[in-house]
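[1] Show me the folded form of this:
(one chain, ligands or ions: 1)
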Amino acid sequence: EWKMEDVLEEQIKYVKSLVGPDDHVICGLSGGVDSTVAAMLVHKAIGDRLHCLFIDNGLLRFKERERVMACFKNDLHLPVTCTDASEQFLKKLKGVKDPERKRKIIGEEFIRVFEDFAPKVESKVGKRPAFLLQGTLYPDVIESCPPPGSGRTHSHTIKSHHNVGGLPHRMNLKLIEPLKLLFKDEVRRLGKILNVSESFLKRHPFPGPGLAVRVLGDVTEGNALNILREVDEIFIQAIKDAGLYDIIWQAFAVFLPVRSVGVQGDQRTHANAVVLRAITSEDGMTADWYYFDHKFLVDVVSKICNQVRGVNRVCQDITSKPPATVEWE
Ligand code: XMP
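    Now for the predicted structure:
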């Protein structure tokens, strides 16, 4: 087993040897553990010659942008620019229902927003950034480039997770991937010695295409995204309050483009249905649905129906992976 202090020292040396004394590095932060730990490491090595970008693609969770930006600034002291590109993303997603097309469009839009970032950095520092930092982990390496003889080829891809794969080549940037040999638990340990808080390091995984794969069908339809954000927030908060967040691997809500009849007060309603999904897992490759106790479910469903306009029915997904996948799209 590797000592993370040694890995840190080694990687800092490596980054310093790779990036010249007046070279600049750009990096996209998702708000997740991997990109954040990678950025903390490189920031320690080269300071403010690292330039991070956080993109609001309009598909983030409730108050996610405000929360992670506050964390970058106040807790982690990382130099991060935030850009609100939500209109641009949502315009492109209008009318799109196919999950893989959604992923493709979002990946392309990310690249576009990122391509605008490099010249901005250049005009600020007087030199074009030469490097791109990515928080790629060892399992990502295996997945995108399966070892020979493993029998895995691209045609087996169930969902295309590699959202910005074409970026370094298109922008003529050299890649820095300091976490490339690490597993997730090692990245968490590395994050800990880089002073990233425990609560940040324990955040559940969140897919690159964000809520786009959790609003089934057209994400721009009606108020779906906002309804989903509110439901998701109530569910996650309830899980935290019950002390269950750390034992659940991932939990979230899904918005169904389906209306059913309900009765609220004395009123007949014809409103949307949402799904709650919580799983335990080691690595996301297989997963078991999580068994909540009765009272937890009663309370959370009543909160959702009382507080979120537009929802009159709450279902729970009790399918494991396989046969289902974690996400619904
Ligand atoms: P599935 O749905 O494939 O999810 O069982 C396994 C894990 O991967 C996440 N996921 C994604 N992550 N881009 C990502 O970065 C994607 O397109 C994507 N699709 C699924 C999912 O949240 C789960 O943790």
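[2] what's the spacing between K192 and D246?
    15 Å (C-beta to C-beta, to the nearest Å). (C-beta placed from N, C-alpha, C; glycine too.)
[3] ok, now S302?
    For S302 relative to D246 (C-beta to C-beta), the value is 25 Å.
[4] Also P207?
    In terms of C-beta to C-beta, P207 sits 20 Å off from D246.
[5] Neighbour count: the two, which is higher?
    P207 (22 against 12; other C-beta atoms under 10 Å).
[6] Where does the more buried one fall, secondary structure wise?
    In the assignment (DSSP states H and E), P207 maps to no helix and no strand.
[7] Give me the phi and psi for it.
    phi -70, psi 150 (degrees, to the nearest 10).
[8] Does it touch V213 like I think?
    Yes - counting by C-beta atoms under 8 Å, V213 is a contact partner of P207 at 5.7 Å.
[9] which residues are common contacts for those two?
    Shared contacts of P207 and V213 (C-beta atoms under 8 Å, 6 or more residues apart in numbering): E327.
[10] show me where the chain has strands.
    Ranges of strands within the chain are 25-29, 50-56, 80-84, 131-133, 174-176, 250-264, 267-280, 288-289, 311-316, based on DSSP state E.
[11] Relative to the ligand, which of the ones you listed is closest?
    Shortest distance between the ligand and the strands of the chain, using C-beta to the nearest ligand atom, is found for strand 250-264: 5.4 Å.
[12] residues in contact with that closest one?
    204-205, 214-218, 221, 224-225, 227-228, 231-232, 235-236, 239, 245, 268-279, 281, 284, 287, 290, 305, 312-313, 317, 326, 328.
[13] Give me the buried positions along it.
    250-256 (16 or more other C-beta atoms under 10 Å).
[14] count of neighbours near the residue of the stretch 1-150 of the chain found nearest the ligand?
    When scored by C-beta to the nearest ligand atom, the stretch 1-150 of the chain has R103 as its residue closest to the ligand, at 5.1 Å. Here the number of neighbours of R103 (other C-beta under 10 Å) works out to 21.
[15] how much space between it and R61?
    Counting by C-beta to C-beta - R103 and R61 are separated by 18 Å.
[16] The stretch 201-329 of the chain against the ligand: which residues are in contact?
    Neighbours of the ligand within the stretch 201-329 of the chain, by C-beta under 6 Å from any ligand atom: 205, 207-209, 213, 250, 284, 321, 325-327.
[17] Got a PyMOL select line for the buried ones in those residues?
    The following PyMOL line selects those of those that are buried, judged by 16+ other C-beta under 10 Å:
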select buried, resi 207+208+209+213+250+284+321+326+327
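[18] any chance of the residues of the stretch 201-329 of the chain next to the ligand in a markdown table, with pLDDT too?
    Converted to a markdown table, those look like this (pLDDT from 0 to 100):
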| residue | pLDDT |
| --- | --- |
| P205 | 93 |
| P207 | 95 |
| G208 | 94 |
| P209 | 97 |
| V213 | 98 |
| Q250 | 98 |
| G284 | 89 |
| K321 | 97 |
| T325 | 97 |
| V326 | 97 |
| E327 | 98 |
